[in-house]
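In: I would like the atomic coordinates for the input below:
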Amino acid sequence: MIKIRIGMINKKLIALGMSGLLLTACNDPKEKEKEEIVETDTVKTAVLNVGGELFSVPSPIQTAILIKDAGVDYDKSILNDSKKVNLFSTDYLRALNLGIYGADLGYVSLYNKSSDAISYLAAVKQLADKIGVSAAFDAKTIKRIEDNISNKDSMLVLVGIAYRSSDAYLKNNQRTEVSSLILAGGWIESMQFSLDAYSKKPSQQIKYRIAEQKQALGSILKLLSSHNLPDASELVKQLGDLSKIYEGISFKYNYVEPVTDSLKHITYINSTTDVIVSDDQLKQIADKVKEIRSKIINATNS
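Out: Residues are numbered from 1 along each chain as shown. Okay, here's the model as predicted:
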């Protein structure tokens with residue numbers, strides 16, 4: 001068994017989550033007229049309220065940032081091929097793959113791959129139109145994304161804005177089941193990112209990120225089950241099997257009294273969390289996620 005001790009959370013994520021992002025479109029003088037892109041929560045964990053119950057799922061962008069910070073190189077081969085967008089023949093598959101393509105768009109944007117970002121943005125727009133959520137991706141936001149396609153930081157914020165707009169649109173129009181599928185697709189793809197990164201460049205932080213998805217997986221299972229979608233029955237079963245693997249992972253919180261710097265008005269959190277996870281458990285998780293994802297991205301009907 002491997003024990004992982006995590007103390008301070010990644011400082012960059014704290015900065016993004018607590019302070020927000022203040023980003024300008026680009027340094028070209030011709031672009032000075034463009035508005036500053038300001039968003040405070042595009043990388044935060046999503047908390048959804050469905051039927052009075054809260055569901056917490058981390059943003060795929062959080063995972064992409066962690067992976068890039070770990071020094072893992074860009075690898076287009078791990079993404080869902082954007083050329084397959086026309087093969088998804090049901091709204092169920094389109095919604096799941098919209099979530100996957102959205103995570104892919106965030107990934108390529110983080111690595112500043114402009115040409116790939118254009119392809120994934122096109123795939124996102126096409127699927128959004130087919131499942132009737134194109135209104136959520138308003139023309140202004142899409143135009144801003146296109147104008148900032150070569151600006152990594154702005155792209156991350158704008159992708160987050162677009163998906164939060166999509167989620168709000170779907171909930172306001174009583175289509176939370178579609179929102180749930182998009183969310184599930186994005187989560188599955190972010191798991192793919194983490195597991196692939198760990199296989200290439202193992203790190204304690206990535207291992208912890210994989211292990212801590214136990215709670216997020218529980219939220220996604222409840223969310224999908226609450227809609228009782230016939231098309232999703234097999235996916236729910238597969239995620240349930242994945243959840244059983246996660247049952248063997250345990251967490252132990254170790255309280256350490258915070259230290260406050262009165263001069264700087266800063267309180268330092270020193271508590272730690274121990275995670276006990278075996279290499280065999282990680283392999284089982286990787287195999288199951290690969291199986292689930294493969295059925296989603298390679299299927300053409302339900």
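In: Give the other helices and strands that the helix or strand where residue 106 lies contacts.
Out: In the assignment (DSSP states H and E), residue 106 maps to helix 91-110. When contacts are defined as 3 or more CB pairs under 8 Å, 6 or more residues apart in numbering; DSSP states H and E, helix 91-110 packs onto helix 60-69, helix 114-130, helix 152-172, helix 176-200, helix 279-297. Glycine gets a C-beta too; all of them are placed from N, C-alpha and C.
In: What count of nearby residues applies to the residue lying closest to residue 122 once chain neighbours are set aside?
Out: Distance criterion CB to CB, 6 or more residues apart in numbering; nearest residue to residue 122, sequence neighbours excluded, is residue 82 at 7.0 Å. Neighbour count for residue 82, taken as other CB atoms under 10 Å: 20.
In: Residue 175 versus the spatially closest residue to residue 105 that is not a sequence neighbour, what's the distance?
Out: Once flanking residues are discounted, residue 105 sits nearest to residue 120: 4.1 Å by CB to CB, 6+ apart. In this view, residue 120 and residue 175 are 23 Å apart by CB to CB, to the nearest Å.
In: Those two - which one has more neighbours?
Out: Between residue 120 and residue 175, residue 120 has the larger neighbour count (other CB under 10 Å), namely 25 against 15.
In: Any regions of this protein where pLDDT drops low?
Out: Regions of the chain meeting the criterion pLDDT under 70 cover residues 1-58, 134-142, 152-174, 300-302.
In: at 50 instead, please
Out: 1-44, 302 (pLDDT under 50).
In: ok, residues contacting stretch 195-214?
Out: Stretch 195-214 has contacts (CB atoms under 8 Å, 6 or more residues apart in numbering) with 2, 4, 6, 10, 58, 63, 66-67, 70-73, 75, 78, 187, 191, 194, 243, 246, 249, 251, 275, 277, 282, 285-286, 289-290.
In: By neighbour count, sort out the buried ones in these.
Out: Buried residues within these, defined by neighbour count using 16 or more other CB atoms under 10 Å: 4, 6, 10, 58, 63, 66-67, 70, 72, 187, 191, 194, 246, 249, 275, 277, 282, 285-286, 289.
In: Count the residues that sit near the closest residue to residue 185 other than its chain neighbours.
Out: Distances taken as CB to CB, 6+ apart place residue 99 nearest to residue 185, at 2.5 Å, with adjacent residues excluded. Applying other CB under 10 Å, we find 28 residues neighbouring residue 99.
In: quick revisit: correct me, but the residue nearest to residue 122 touches residue 121?
Out: No - counting by CB atoms under 8 Å, residue 82 does not reach residue 121; the two are 9.1 Å apart.
In: Identify the residues contacting residue 101.
Out: Contacts of residue 101 (CB under 8 Å, 6+ apart): 80, 82, 85, 120, 123-124, 127.
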